[in-house]
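Chemist: fold the following, please.
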Amino acid sequence: MGVDIHPSAVVSPRAKIADGVTIGPCSVIGEKVTVGRDTVIGSHVAIDGSTVMGEKNRIYPFVSIGFPPQDIGYKGEDTRVVIGDENIIREFVTINRATTKQDRVTIIGSRNYLMAYAHVAHDCILGNSIIMSNAATLGGHIEIGDHAIIGGLVAIHQFVRIGTYAFIGGKSATVKDIPPFMMASGDRAKLYGLNTRGLKREGFSQEKIDNLRKAYKIIWRDRHLLHEAVERVRREIPPFKELEILLEFLANSKRGVVR
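Modeler: Just a heads-up that it's a prediction; the model follows:
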């Protein structure tokens, strides 16, 4: 199929560019970059470092991927960015490569939608089917689960985890973990119950929604200590996969969970 590279683009001869890739005017692709099949890279995009990108991604103008982390301890080490398939990355998004402080890789999964001016810092790990709205900003070492939605102008502190199917309202400052399936908002972000509309949209059964809502009430509204609340949830609610995901998330929290 070949590739379609605009004459004004600067593409290193050492870059690995798969069939069907389009690279727009004035874009710059570094020598350690790999771009998967049928990816479209718009104008004025800069991709550098050890960056591996999967298939059918759509990269809009003025995006920056794979440049050094904004970390004063970084000394130019060879760290990476790995991006999956079918992501949409809109204008002025920045995705930094990792530091040496974790696994040396910043990871973005597949089918994510990163809107304009979103920032993914070093060592972040993003799952699949995530939406980051305009100017959503991630500090380093953040983990975001599948299907989470991050509102516009949201700032998330380093090392925070965002659970699967969580929803964070716009203009929120998030300094602790946001549990799976929940809604949070505010400065500092607080929980506002189950992400009911999102779960219904994703096809969750009413029984699962009702049981997750009951778990939320026990853990966050009935004034138990966390370990007591978890024990009560296990006694009163029949086990199912999503409930185990929630309880495991709570058990593994290091920064603490938003209350």
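
Chemist: so, low pLDDT: which residues of this protein?
Modeler: In the predicted model, the chain carries pLDDT under 70 at residues 1.

Chemist: look through it and tell me its longest helix.
Modeler: When the chain is parsed with DSSP state H, its longest helix is helix 206-220.

Chemist: what helices and strands are in contact with that helix?
Modeler: If you count contacts as 3 or more CB pairs under 8 Å, 6 or more residues apart in numbering; DSSP states H and E, helix 206-220 packs onto strand 190-194, helix 196-201, helix 226-236, helix 241-251. Every residue, glycine included, has its C-beta placed from N, CA and C.

Chemist: ok, which of those comes nearest Asp48?
Modeler: helix 241-251 (34.4 Å; CB to CB).

Chemist: list the contacts of that closest one.
Modeler: Identification of contacts with helix 241-251 by CB atoms under 8 Å, 6 or more residues apart in numbering yields 161, 163-164, 177, 179-181, 204, 208, 211-212, 215, 219, 226, 230, 233-234, 237, 257.

Chemist: export the helices and strands packed on helix 206-220 as JSON lines, with columns for distance to Asp78.
Modeler: As requested, these are exported to JSON lines (distance: least, CB to CB, whole Å):
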{"stretch": "strand 190-194", "distance to Asp78": "40"}
{"stretch": "helix 196-201", "distance to Asp78": "39"}
{"stretch": "helix 226-236", "distance to Asp78": "41"}
{"stretch": "helix 241-251", "distance to Asp78": "33"}
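
Chemist: now for those, which one comes closest to Asp85?
Modeler: helix 196-201 (22.7 Å).

Chemist: next, the buried residues of the closest one.
Modeler: Counting neighbours by 16 or more other CB atoms under 10 Å, one finds that the buried residues in helix 196-201 are Thr196, Gly198, Leu199.

Chemist: out of those residues, which is nearest to Val63?
Modeler: Of all those, Gly198 has the smallest distance to Val63: 27.1 Å, by CB to CB.

Chemist: which residues does the closest one contact?
Modeler: His147, Ile149, Tyr165, Phe167.

Chemist: and the first one, backbone torsions?
Modeler: The reference is to His147. phi 70, psi 10 (degrees, to the nearest 10).
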